[in-house]
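*Asks:* Sequence first, then the predicted structure:
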Amino acid sequence: MTTASAHHQIVIIGGGTAGITVAARLRRAGAPDVAVLEPSATHWYQPLWTLVGGGQARLRASMRTQAEVMPPGVHWLHESATGVDPQARTVATGSGRTIGYDRLVVAPGLRLDWGGVPGLAQAVGHDGVSSNYRPDLAPLTWELIRSMRSGTALFTMPSGPVKCGGAPQKIAYLAADHWRKRGVLDHIRVILVLPEPAMFKVPVYSRELAETARRYGIEVRLQSELTALDGAAREAVVTDHATGTKETIRYDLLHAVPPQAAPRWIAESPLADPDSPFGYVRADRATLQHPDHPEVFALGDVANLPTSKTGAAVRKQAPVVVDNLHSSLRGRPLTARYDGYTSCPLVTARHKMLLAEFDYDLEPAPSLPLIDTTKERTSMWYLKRYGLPQMYWKGMLKGYV
């Protein structure tokens, strides 16, 4: 058995949305010994990056220092996790230490696999290629959109689970709305490439998004994805998985979303779900406990759950994890349940948004009374731009909501 160089009652891997929210709730509930493993000195509110790329927010508004958001009384272990031994109940770190735990919360987020599409890693960041999935590139997206007057704009989404599944579409709509207002949309061919057989998994939202794309004249390629890229030639290969045909499209602007997967050390660990080709952590869909290692809980992007990977999902998962952690430490049955709730704020124009809220059964799960959030509304846009960030910084990360 590995000997730990330090030990904590509860160790949380990851200081992002999920990790900090759980840590804050644990401290508010009186947990005496909570440690967070997080190497980054910066904490990002990633949902704002779409608006940065669409010219509606500054990147600085999405950033805080990690020290600002770390809950009081939490032991911040300023290093990365590199492995886990659930039998020994230890976590290996980048500095060579081993940290012991009584309970472990796994929330390191996911990995952006830029190398998953041949040519993408080499092209992104220049020659007309950008991505709002990197904070340093979101401002570039807006520069490319703002300077475009004619040509072909290509927006792509990879197959497999990705964080904020609506983001690949939202930037296409923001760009098209900007070009329409500038009077140049008729001179720009806009192509949206999506891997699914419909615009969205929930039919009521899919219909609204199809109408949005029609309104802008966007060419939607369903069951298709970007499979190769020649950045120097500005040529993208789009494969139609329904027919197997491949089309080479010359672009002037390309917003590409990379394939995504679990961090490699997670995928290679005993915690990975053997049924997940992307290496995500196995977790009971209701209790969020690992079925094989009951001392381990998982939430957020890294958990292999049949729901969209969003901050809204984390908001509902965190109290379940905290309640079940307390029950587990006391030897009691786990009674808290997560129903799969998630939401995708779908921005469809500069000041319009619809709010897609649904559960494991893909049934709409509205949370705002008396408001039909399936329709585009200006009030919903203001909620995304101003309301949700405040709720995030002052509510979720403080353990209140």
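*Replies:* That came in fine, so what should we check first? Numbering: from 1, shown residues only.
*Asks:* Would you mind extracting the C-alpha trace of stretch 185-192 into CSV?
*Replies:* Extracted in CSV, the C-alpha atoms of stretch 185-192 (Å, rounded to 0.1, in the frame of the first residue of the first chain):
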residue,chain,number,x,y,z
LEU,A,185,-24.8,38.8,-44.5
ASP,A,186,-25.9,38.4,-48.2
HIS,A,187,-22.3,38.3,-49.2
ILE,A,188,-21.2,35.7,-46.7
ARG,A,189,-21.9,31.9,-46.9
VAL,A,190,-22.5,30.6,-43.4
ILE,A,191,-22.1,26.9,-42.8
LEU,A,192,-22.9,25.2,-39.5
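*Asks:* what sits up against it?
*Replies:* Residues outside stretch 185-192 that contact it (C-beta atoms under 8 Å, 6 or more residues apart in numbering): 148-155, 168-169, 172, 175-176, 179, 213, 216-221, 249. The C-beta positions use only the backbone N, C-alpha and C, and glycine is treated the same way.
*Asks:* Isn't Ala138 up against Gly125?
*Replies:* No - taking C-beta atoms under 8 Å as the definition, Ala138 is not a contact partner of Gly125, at 11.5 Å.
*Asks:* Of the two, give the one with the bigger neighbour count.
*Replies:* Neighbours were counted for Ala138 and for Gly125 using other C-beta atoms under 10 Å; Ala138 has more, 24 against 14.
*Asks:* Not counting sequence-adjacent ones, nearest residue to the more buried one?
*Replies:* Leaving aside its sequence neighbours, Ala138 sits nearest to Val52 (C-beta to C-beta, 6 or more residues apart in numbering; 4.0 Å).
*Asks:* Now do the helices in the protein.
*Replies:* Counting by DSSP state H, the chain has helices at residues 17-28, 49-53, 66-69, 120-123, 138-147, 167-181, 203-216, 264-267, 311-329, 378-382, 388-394.
*Asks:* and the second one, what other elements does it pack with?
*Replies:* Under the contact criterion of 3 or more C-beta pairs under 8 Å, 6 or more residues apart in numbering; DSSP states H and E, the helices and strands touching helix 49-53 comprise helix 138-147, helix 167-181.
*Asks:* Can you lay out the ones you listed as TSV showing distance to Lys394 and mean pLDDT?
*Replies:* As requested, those are exported to TSV (distance: least, C-beta to C-beta, whole Å; pLDDT from 0 to 100):
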stretch	distance to Lys394	mean pLDDT
helix 138-147	23	98
helix 167-181	24	97
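*Asks:* Present the ones you listed as JSON lines; the columns should include distance to Gln390.
*Replies:* Below are these laid out as JSON lines (distance: least, C-beta to C-beta, whole Å):
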{"stretch": "helix 138-147", "distance to Gln390": "20"}
{"stretch": "helix 167-181", "distance to Gln390": "20"}
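*Asks:* Ranking the ones you listed by mean neighbour count, which comes first?
*Replies:* Comparing those by mean neighbour count (mean count of other C-beta atoms under 10 Å), helix 167-181 comes out on top with a mean of 23.
*Asks:* In the sheet, which residues pair with the most centrally placed residue in the chain? Tell me.
*Replies:* The centre of the chain sits closest to Lys163, judged by C-alpha atoms, centre = their mean, with a distance of 2.5 Å. Counting by DSSP bridges, Lys163 forms beta bridges with Lys309.
*Asks:* Please give me every residue in contact with the closest residue to Asp102 other than its chain neighbours.
*Replies:* Spatial nearest neighbour of Asp102, excluding adjacent residues (C-beta to C-beta, 6+ apart): Gln9 at 4.8 Å. By C-beta under 8 Å, 6+ apart, Gln9 lies in contact with 31-34, 101-103, 329.
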